[in-house]
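[1] Starting from these lines, generate the structure:
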Amino acid sequence: MESATPAITLIGARQRDGYEVLAYYEENDSTSLIIGKINVASYPLITHHVIMVPMQAGNIDKSTIDEGINRLYAPYGVTWRLTVDEPFTDRSWDTGYDGLQGTGTEFYSMFTEEMRALNAQYTALRGRSTKQGTDIGFCDY
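    Numbering: from 1, shown residues only. Got it, this is the predicted structure:
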């Protein structure tokens, strides 16, 4: 029994390449009309490296986070390589002693003074920097 919905299988393309898929309607033996078009693009595979840094003693379930984030992003050609660092309990960056200040920041575009101080303190004590191609995520749970 045939399906009422037609299916097509698209071939892959080289990264940063693409092609058009056209849908034609044949009116008769000599006339056809283009009734749809979709552009198919191919992007390079991307790997992100991230270090998760717990802000207090405790265990981060690396395998659960690793599995979840890669299951979410794998269909889009993005792989995450996750490393969990030792807890970073130095709170000298916390000027108000009330946790990380987050007010007044814009999404991914600005860091507060405490965020800058935390990054600087972590880099100074652990010798790791976000400028080395690895993202750092601080987790306070």
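[2] Tell me who's in contact with V50.
    W80, R81, L82, T83, T134, D135, I136, G137 (C-beta atoms under 8 Å, 6 or more residues apart in numbering). The C-beta positions use only the backbone N, C-alpha and C, and glycine is treated the same way.
[3] following the helix or strand containing T123, which helix or strand comes up?
    Taking DSSP states H and E as the definition, T123 sits inside helix 113-126. Sequence order places strand 135-139 as the next helix or strand after helix 113-126, per DSSP H and E.
[4] what's the angle from that next one to helix 113-126?
    Angle of strand 135-139 versus helix 113-126, following axes from the mean of the first three to the mean of the last three C-alpha atoms, to 10 degrees, is 110 degrees.
[5] neighbouring strands for strand 135-139, and are they parallel or not?
    As defined by DSSP bridges, the strand partners of strand 135-139 come to strand 46-54 (parallel).
[6] residues of the strand it pairs with that come out buried?
    Going by neighbour count (16 or more other C-beta atoms under 10 Å), the buried part of strand 46-54 is V50, I51, M52, V53, P54.
[7] Same question for stretch 57-77.
    Applying 16+ other C-beta under 10 Å to stretch 57-77 flags I60, I65, D66, I69 as buried.
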